[in-house]
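[1] Sequence first, then the predicted structure, then my questions.
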Amino acid sequence: MTIPAYPLEWPPGWKRTPEHQRTTARFGKASRARAGGGWDYGRQLTIAEAVGRVREQLARMGICDLVISTNLQLRLDGLPKSGQREPGDPGATVYWLTATAGTRCMAIDRYDRVADNLAAIAATLDAMRAIERHGGAAILDRAFTGFAALPPPVAAEAPWYAVLDVDPGDMHEVVERAYRYTRSEHHPDRGGDPAKFDRVQRAWNQYLEQRA
């Protein structure tokens with residue numbers, strides 16, 4: 001996979017959690033009773049431990065080809081390095097390659113630590129694997145279809161007046177003259193680019209619709 005592990009490669013189309021809505025998680029070691037009463041939730045997870053949880057869950061699904069993408073600097077093996085300051089954007093995305101369904105991904109930025117967002121991904125993977133353990137392999141496959149890594153969004157087209165190189169308020173005669181010139185310039189019969197020619201025609205149609 002050519003997906004970068006650093007900086008964070010957030011999946012196109014996935015909603016981000018606003019910074020003020022992020023919370024502190026408790027994905028530390030298992031809780032245990034304290035001698036003086038109450039509960040000790042243990043220390044916070046390290047990056048290495050959180051990465052280990054993600055890799056373990058995917059390994060149980062037979063996945064070895066994966067990329068963990070965050071805003072943390074990388075170790076020599078390409079995984080996030082522990083002991084760094086928490087980045088401004090603590091989101092985490094895990095991409096993995098399947099033999100039959102291509103690249104899939106899961107991204108979480110709900111928590112204020114990268115390690116906790118990775119741990120949340122691992123916990124989610126474990127919960128979804130439980131579906132398969134209870135005989136719901138087809139359901140699991142359909143559920144994971146929603147985690148397909150989407151291609152980058154198609155860039156929006158420039159407005160009609162930018163394509164025709166005129167001002168929006170120009171007189172009709174000026175716009176029409178620019179259209180005819182630009183159309184001729186990109187006409188395939190004159191060696192022009194068919195895609196640009198089609199875009200000029202769409203721009204002209206958009207102008208006419210607006211003028212009507």
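    Arrived safely, thanks for sending.

[2] buried residues in the longest helix seen in the chain?
    Longest helix in the chain by number of residues (criterion: DSSP state H): helix 114-133. Residues of helix 114-133 classed as buried: 114-123, 125, 128, 131-132 (neighbour count, 16 or more other CB atoms under 10 Å). C-beta here means a position set from N, CA and C on the backbone, and glycine is covered the same way.

[3] Of those, which is the nearest to Ala158?
    Proximity of the buried residues of helix 114-133 to Ala158 (CB to CB) peaks at Asn117, which lies at 36.9 Å.

[4] mind listing what that closest one touches?
    Pro90, Gly91, Ala92, Ile108, Asp109, Arg110, Tyr111 (CB atoms under 8 Å, 6 or more residues apart in numbering).

[5] ok, and the closest non-adjacent residue to it?
    With sequence-adjacent residues excluded and distances taken as CB to CB, 6 or more residues apart in numbering, Asn117 is closest to Ala92, at 4.1 Å.

[6] Mind pulling up the pLDDT for that neighbour?
    According to the prediction, Ala92 has pLDDT 96.

[7] residues near it, how many?
    Look at Ala92: counted by other CB atoms under 10 Å, it has 31 neighbours.

[8] close enough to count as contact, it and Asp109?
    Yes. Using CB atoms under 8 Å, Ala92 is in contact with Asp109, at 7.1 Å.

[9] and the strand or helix carrying Ala162, which residues are buried?
    According to DSSP states H and E, Ala162 maps onto helix 160-163. Buried residues in helix 160-163, defined by neighbour count with 16+ other CB under 10 Å: Trp160, Tyr161, Val163.

[10] starting at the chain centroid, how far to it?
    Distance of helix 160-163 from the chain centroid (CA atoms, centre = their mean, to the nearest Å) equals 31 Å.

[11] Which other helices and strands does that helix contact?
    Secondary-structure packing of helix 160-163 (3 or more CB pairs under 8 Å, 6 or more residues apart in numbering; DSSP states H and E): helix 194-211.

[12] Show me the shaky parts of this structure.
    1, 28-42, 100-101, 131-157, 212 (pLDDT under 70).

[13] Give me the domain ranges for it.
    19-145, 160-211 (automatic domain parsing).

[14] of all those, which lies closest to Ile3?
    Across these, closest to Ile3 is domain 19-145 (CB to CB), at 4.8 Å.
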